[in-house]
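Q: A structural model of the following input is requested.
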Amino acid sequence: MSPSHSSKGSESGAARVLGSGASGVSELLIFHPVDTIAKRLMSDKAKVSSLNSIIFRDAASAPLSRKLLSLFPGLGYAAGYKISQRIYKFGGQPWFNDLIKKNYKDNFTNTFGERNGKLMIQATAGSLTGIGEVVLLPLDALKIKRQVNPEAFRGRGALRIFMEEGTTLYRGWGWTMARNAPGSFALFGASAVTKDYVLGVSDYSTATWTQNFIASVAGAVASITIAAPLDVVKTRIQNANFEHNVSGFTVMKDLFKHEGPLALFKGLTPKILVVGPKLVFSYTIAQSLIPFFGKYV
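A: Next up is the predicted model:
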């Protein structure tokens, strides 16, 4: 998300929740299949394998309609995660941004200067928001398991899994925070830098649709590329069976030994290919619906 939504501050909290939630639903239905493909590519440990069998798994030889449906596993968990995440992103980054400006603006200005200080506050607020996303980790873990390791569920429902597995759903929390901190810093920071330095937009709320598009793509590509290696490690920790506790360092050691260092960037291409339309789509929907809901709530 571009940081510009934090500039207006005129919409109510309810309008933000409704607008960003609707954005998450729309984004999910369109982009969940691509996310599934990326997760399956990241989880595949074979050096040479058929893309068809990696992506579609049991439906590899099925008709096209069944193949497409096979890309929607864990949609319920994905919905819970994506909608919560979008709402959190909309409310969290502006809240952290306001908090930092209120208490530490002079520190940032003295260290980086007026213009760069503002950009650093945006990026730091994004980084803090990213770290806080760890609270949503159980939903993310369940989504990934449904996408790449459905056998781990063994017919259990979500509530029973929460009751029985407890803290194991937070497996990989340290790696998640380590991924989100630089990833969200790059997302909000690169987006703000692009608007300010490349496009000459100092008041982000006045950015045009095209300017938001350019800034969002720059921020998201920077974010995903920087976070990619830690994302692969996090995904492999999370997609293991519930009783199989594997450390991130073990994952990295096995990955380097059997697949080589380039495997840290598995799944990066499909993620980057979807970055532009995905962010522009979700950003446009959210920015259109938040003022709409603001008229009524």
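Q: could you pull out the helices for this protein?
A: 13-43, 51-56, 64-69, 75-112, 114-132, 137-148, 158-165, 173-193, 209-238, 248-258, 268-294 (DSSP state H).
Q: Would you format those helices as CSV with mean neighbour count and mean pLDDT included?
A: (Glycine included, C-beta is placed from N, CA and C.) CSV is the format used below for the helices of the chain (neighbours: other C-beta atoms under 10 Å; pLDDT from 0 to 100):
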stretch, mean neighbour count, mean pLDDT
helix 13-43, 20, 82
helix 51-56, 16, 83
helix 64-69, 12, 84
helix 75-112, 18, 84
helix 114-132, 21, 93
helix 137-148, 24, 74
helix 158-165, 13, 69
helix 173-193, 23, 88
helix 209-238, 22, 82
helix 248-258, 14, 78
helix 268-294, 18, 74
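Q: Out of the ones you listed, which is closest to L199?
A: L199 sits nearest to helix 209-238 of all the helices of the chain, at 5.0 Å, using C-beta to C-beta.
Q: quick one on the thing from earlier: rebuild the helices of the chain as CSV, extending it with distance to L199.
A: Listed next are these as CSV, based on distance: least, C-beta to C-beta, whole Å:
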stretch, distance to L199
helix 13-43, 23
helix 51-56, 37
helix 64-69, 38
helix 75-112, 20
helix 114-132, 13
helix 137-148, 33
helix 158-165, 44
helix 173-193, 10
helix 209-238, 5
helix 248-258, 38
helix 268-294, 15
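Q: Tell me which of those helices lies nearest to S202.
A: Nearest of these (C-beta to C-beta): helix 114-132, 8.0 Å.
Q: and the direction of that closest one versus that of helix 173-193, what angle?
A: 150 degrees (axes from the mean of the first three to the mean of the last three C-alpha atoms, to 10 degrees).
Q: what's helix 114-132 in contact with?
A: 3, 6, 88-89, 92-94, 96-97, 99-101, 104-105, 108-112, 177, 180-189, 191-193, 196 (C-beta atoms under 8 Å, 6 or more residues apart in numbering).
Q: How far does that helix sit from its chain's centre?
A: Offset of helix 114-132 from its chain centre (C-alpha atoms, centre = their mean, to the nearest Å): 17 Å.
Q: Thank you, goodbye.
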